[in-house]
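Enquirer: need a 3D model of the following:
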Amino acid sequence: ITLQNNMLRRITPGFVSDLPSLTKIILNRNFIEELVYDNFGQLDNLEFLDISFNHLTSIQSGTFINLVNLNTLFLQSNYLQELDSDMFIGLKNLNSLHLKNIKLRVIREKTFKHLSNLNYLKLDENHISLIEPLSFVEVNKLTHLDLSTNQLVEITVNMFKGLVSLINLDLQSNMISLIA
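Expert: Model (predicted):
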């Protein structure tokens, strides 16, 4: 289902519950401000969800809990500012997460703990100045991490702890002056 470039401000919980075979939902370029628990119901076949370029300021914990086969999630260009550690609960098969330009300032410890199969994480063009130790400790399959164009000033010892599969780490266009 494609609903991009509309005037949507709100999504009623279970709005697609009568369409259990959906594999793709595109809601980008609307005015959606909030996602709540059960917005997407039980969509076992959903693989792709794009909610980018909206006005999202919050995503309730458990919003994605029944999207067990979701592979790609686009949340870029919203106003989230913070990520709750249980925001991504249920996304055990998520491979690619796009959080570019969401006004994020801090990555908290274990923010991505429910994303054990994540390979690709885009956090570029935010305002990240702090990555707490052990933020990535449970995403050991992550191969690509983009933190470019943020406000990082230092790289610390435990900042990337647990990223044993990491192949590409992009830190360009930050303000890094110390590696400790």
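
Enquirer: kindly list the single helix or strand of this structure that scores lowest on mean pLDDT.
Expert: Ranking every helix and strand in the chain by mean pLDDT, DSSP states H and E puts strand 178-179 at the bottom, with a mean of 92.

Enquirer: can you list the low-confidence ranges for the protein?
Expert: Of all residues in the chain, none has pLDDT under 70.

Enquirer: recalculate using a threshold of 90.
Expert: Counting by pLDDT under 90, the chain shows low-confidence ranges at 13-15, 17-18, 37-42, 62, 84-85, 133-134, 137, 157-158, 180.

Enquirer: can you map out the strands along it?
Expert: 24-26, 34-35, 48-50, 58-59, 72-74, 96-98, 106-107, 120-122, 130-131, 144-146, 154-155, 168-170, 178-179 (DSSP state E).

Enquirer: what's the neighbour count on residue 167?
Expert: Number of residues near residue 167 (other CB atoms under 10 Å) recorded here: 10. Placement of C-beta: from N, CA and C, glycine included.

Enquirer: nope, residue 36 is what I was after
Expert: 15.

Enquirer: contacting residues around it?
Expert: 13, 60, 63 (CB atoms under 8 Å, 6 or more residues apart in numbering).

Enquirer: can I get these in a markdown table including neighbour count and distance to residue 178?
Expert: As requested, the contacts of residue 36 are exported to a markdown table (neighbours: other CB atoms under 10 Å; distance: CB to CB, whole Å):
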| residue | neighbour count | distance to residue 178 |
| --- | --- | --- |
| 13 | 13 | 46 |
| 60 | 15 | 37 |
| 63 | 24 | 37 |
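
Enquirer: wait, residue 27 touches residue 48, no?
Expert: No: using CB atoms under 8 Å, residue 27 makes no contact with residue 48, being 11.3 Å away.

Enquirer: of these two, who's got more company?
Expert: Neighbour comparison, residue 27 and residue 48: the larger count goes to residue 27, with 22 against 15 (by other CB under 10 Å).

Enquirer: for residue 110, give me phi and psi.
Expert: phi 60, psi 30 (degrees, to the nearest 10).

Enquirer: the nearest residue to it once chain neighbours are set aside: what's it in contact with?
Expert: Nearest non-adjacent residue to residue 110, counting by CB to CB, 6 or more residues apart in numbering: residue 85, 5.5 Å away. Residues near residue 85 by CB under 8 Å, 6+ apart: 108, 109, 110, 111, 113, 114.

Enquirer: next: residue 123.
Expert: Counting by CB under 8 Å, 6+ apart, residue 123 touches 99, 100, 104, 107, 145, 146, 147, 150.

Enquirer: ok, now residue 158?
Expert: 133, 134.

Enquirer: give me the distance between it and residue 63.
Expert: 29 Å (CB to CB, to the nearest Å).

Enquirer: much appreciated, bye for now.
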